[in-house]
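Engineer: How does the following fold in three dimensions:
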Amino acid sequence: MEEAIERVHTGIPGLDHVLEGGFPKGARVLLAGGAGCGKTICCGQYLYKGATRYSEPGVYVSTEEPPTEFRANMLRFGWDFKKLEAEKKIGMVDAVYQRVESEMAEQESLQSILYNLRSKLSEVKILVEQLGATRLVVDSLPGFGFRVTDLNTLREIFLEVGLLLKDVGCTTVMTTEIVEGSGLISRYGIEEFLATGVMVLSLVKQSSPLRKLFVRKMRGTSHSLNDFAFTIGTEGVNIKGPIGVRSAGHGGRRLQTQRRKRRSR
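Structural biologist: Below is the predicted model of the structure:
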């Protein structure tokens with residue numbers, strides 16, 4: 001008999017149901033999407049609910065915006081990260097500085113990039129250990145490769161990040177940007193190889209904009225292949241329900257049954 005996979009609650013209403021109870025413990029989940037899709041809000045919700053509802057400390061690593069901006073943006077949902085930091089339930093690592101330094105160094109060597117990166121990742125590991133953190137967010141992965149154009153250098157950078165993620169053993173959510181029209185599900189086409197799960201967020205501009213979530217893969221999880229509508233309200237992200245039916249799951253069987261009943265009338 002197979003041993004049940006331990007699950008970590010996402011803190012996002014409706015998402016645990018989609019994922020058979022939550023993220024597999026120790027998973028590395030890539031959250032991909034364009035600008036304005038709600039990636040950072042999902043990350044904040046995952047960490048805040050983990051710390052306040054499930055007594056699971058977390059660490060937030062920012063490469064896109066200073067932690068001060070993240071804290072301010074999360075307050076709109078009533079999520080006081082500064083208070084949680086004071087209570088040693090949340091830790092913040094500011095990796096934005098690497099972007100600033102790389103702007104000043106036009107030809108920074110791979111050795112220099114990796115040295116600075118390892119120093120910052122060491123800071124992350126120490127903070128995880130100090131807090132006893134079980135949740136980790138990296139927002140975002142492309143920020144570590146800012147201004148790097150050589151694909152081999154990018155692979156080296158992401159290899160270092162991947163080694164850290166495996167080493168710390170947290171259940172991790174990472175974000176990446178989808179470039180419209182690229183045909184890729186990540187900025188560089190590399191990030192998904194660090195992940196054991198991939199979820200894609202999108203914003204469809206219709207008569208009324210529609211936000212969608214699609215679970216592309218989640219190791220150890222029998223998930224739906226439907227798109228799921230979601231909203232962003234005063235309490236954060238909320239998964240509303242499937243859009244159409246793509247899988248042969250229970251929803252598909254119900255639809256087939258309804259069609260047979262109509263034909264038999």
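Engineer: To what extent is residue 161 buried, counted in neighbours?
Structural biologist: Neighbours of residue 161 under the rule other Cβ atoms under 10 Å: 21. From N, CA and C alone the C-beta is placed, and that goes for glycine too.
Engineer: Surely it is in a helix?
Structural biologist: Yes - checked against DSSP: H, G, I helix; E, B strand; the rest coil, residue 161 lies within a helix.
Engineer: Next, the contact list for it, please.
Structural biologist: Taking Cβ atoms under 8 Å, 6 or more residues apart in numbering as the contact definition, residue 161 lies against 117, 121, 138, 141, 144, 194.
Engineer: distance of it from residue 30?
Structural biologist: 12 Å (Cβ to Cβ, to the nearest Å).
Engineer: which residues do the two both contact?
Structural biologist: 141, 194.
Engineer: What is the least confident helix or strand in the chain?
Structural biologist: Here the helix or strand of the chain ranked lowest by mean pLDDT, DSSP states H and E is helix 250-264, holding a mean of 41.
Engineer: Can you classify the closest residue to residue 89 other than its chain neighbours as helix, strand or coil?
Structural biologist: Nearest-residue entry for residue 89: residue 51, 4.2 Å, with adjacent residues in sequence omitted and distances by Cβ to Cβ, 6 or more residues apart in numbering. Three-state call for residue 51 (three-state DSSP): helix.
Engineer: residues in contact with residue 51?
Structural biologist: So residue 51 contacts 57-58, 84, 89-90, 135 (Cβ under 8 Å, 6+ apart).
Engineer: would you list every one of the helices in the protein?
Structural biologist: 15-18, 39-53, 67-74, 81-86, 97-104, 110-131, 151-168, 250-264 (DSSP state H).
Engineer: what's the closest of those helices to residue 209?
Structural biologist: Set against residue 209 and scored by Cβ to Cβ, the helices of the chain come closest in helix 39-53, at 15.4 Å.
Engineer: what about the closest residue to residue 67 other than its chain neighbours, how many residues close to it?
Structural biologist: Spatially, and ignoring its direct neighbours in sequence, residue 67 is nearest to residue 92 (4.3 Å; Cβ to Cβ, 6+ apart). Using other Cβ under 10 Å, residue 92 is surrounded by 18 other residues.
Engineer: Would you agree residue 92 is in contact with residue 65?
Structural biologist: No - counting by Cβ atoms under 8 Å, residue 92 stays clear of residue 65, with 11.5 Å between them.
Engineer: Return the distance of residue 216 relative to residue 19.
Structural biologist: 12 Å.
Engineer: which of these two has more neighbours?
Structural biologist: residue 19 (26 against 15).
Engineer: what's the nearest residue to the more buried one if we skip its chain neighbours?
Structural biologist: residue 221 (5.5 Å).
Engineer: Contact partners for the one you found?
Structural biologist: Neighbour list for residue 221: 5, 19-20, 24, 197, 215 [criterion: Cβ under 8 Å, 6+ apart].
Engineer: now do residue 151
Structural biologist: Here residue 151 is in contact with residue 188 (criterion: Cβ under 8 Å, 6+ apart).
Engineer: Show the pLDDT at it.
Structural biologist: With respect to pLDDT, residue 151 scores 86.
Engineer: From residue 137, how far off is it?
Structural biologist: Counting by Cβ to Cβ, the gap from residue 151 to residue 137 is 26 Å.
Engineer: and what of residue 233?
Structural biologist: 21 Å.
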